[in-house]
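# 3D, please:
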Amino acid sequence: MHILTYLLLIVLFSLEETFVYSGYNILPSTIMLKGMARRTDAHMISEGEGNFGPFGVLDWVHGTTLGKDVIDDLKLEAEKHGVEEKASNAIDGAGDAAGGLTSKLRGKVGKGRRRK
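You can find the predicted model right below:
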């Protein structure tokens with residue numbers, strides 16, 4: 001690994017840890033740091049009863065989650081950003097595009113030479 005890449009990663013991880021251990025739940029980030037800060041706070045308050053990992057995935061797998069888990073965070077964030085509606089619009093748009101493409105292809109096939 002190049003030294004500049006290493007230093008950039010060190011800076012990013014240090015900022016992440018600063019935000020997570022700051023005690024604030026309103027962070028300049030999306031769901032990951034916000035959830036990480038909440039899980040870290042719950043771990044500190046419970047004196048090590050659960051929430052051992054910062055991302056919460058292994059806590060969810062092993063059943064050591066305190067409070068809301070990763071799945072709840074993802075559901076709330078998906079509702080907040082309208083992911084279901086956007087995905088349905090994208091699927092409908094893809095279907096419309098495929099329908100338009102097939103009609104264009106059918107028109108070109110009909111205009112071609114016929115074999116005898």
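
# Show me where this structure dips below the pLDDT cut-off.
25-34, 68-71, 73-74, 107-116 (pLDDT under 70).

# Outline the domain layout of it.
By the assignment in automatic domain parsing, the chain contains the domains 3-69, 82-116.

# Just name the most buried of these.
A comparison of the domains of the chain by mean neighbour count, using mean count of other Cβ atoms under 10 Å, puts domain 3-69 on top with a mean of 14. For glycine as for every other residue, the C-beta is placed from the backbone atoms N, C-alpha and C.

# Let me see the contact set for residue 92.
Neighbour list for residue 92: empty [criterion: Cβ atoms under 8 Å, 6 or more residues apart in numbering].

# Please, which helix or strand holds it?
Secondary structure assignment for residue 92, by DSSP states H and E: helix 83-110.

# now that helix, how far from the centre of its chain.
Remark: helix 83-110 is offset 27 Å from the chain centroid, using Cα atoms, centre = their mean, to the nearest Å.

# returning to that earlier point: just put the domains of the chain in TSV and tack on distance to residue 76.
Shown next, in TSV, are these (distance: least, Cβ to Cβ, whole Å):
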stretch	distance to residue 76
domain 3-69	8
domain 82-116	11
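
# Would you mind measuring from the spatially closest residue to residue 78 that is not a sequence neighbour to residue 59?
Nearest residue to residue 78 in three dimensions, chain neighbours excluded: residue 84, at 6.8 Å (Cβ to Cβ, 6 or more residues apart in numbering). Applying Cβ to Cβ, to the nearest Å, the value for residue 84 to residue 59 is 26 Å.

# Next, work out how far apart residue 23 and residue 47 are.
Per Cβ to Cβ, residue 23 is found 16 Å from residue 47.

# Also residue 58?
Distance, residue 58 to residue 47, using Cβ to Cβ: 19 Å.

# And for residue 94?
Remark: distance between residue 94 and residue 47 (Cβ to Cβ) = 51 Å.

# For this protein, which segments count as strands?
Using DSSP state E, no strands are found in the chain.

# what are the ranges of the helices in it?
Using DSSP state H, the helices assigned to the chain run over residues 3-20, 31-45, 57-62, 70-81, 83-110.
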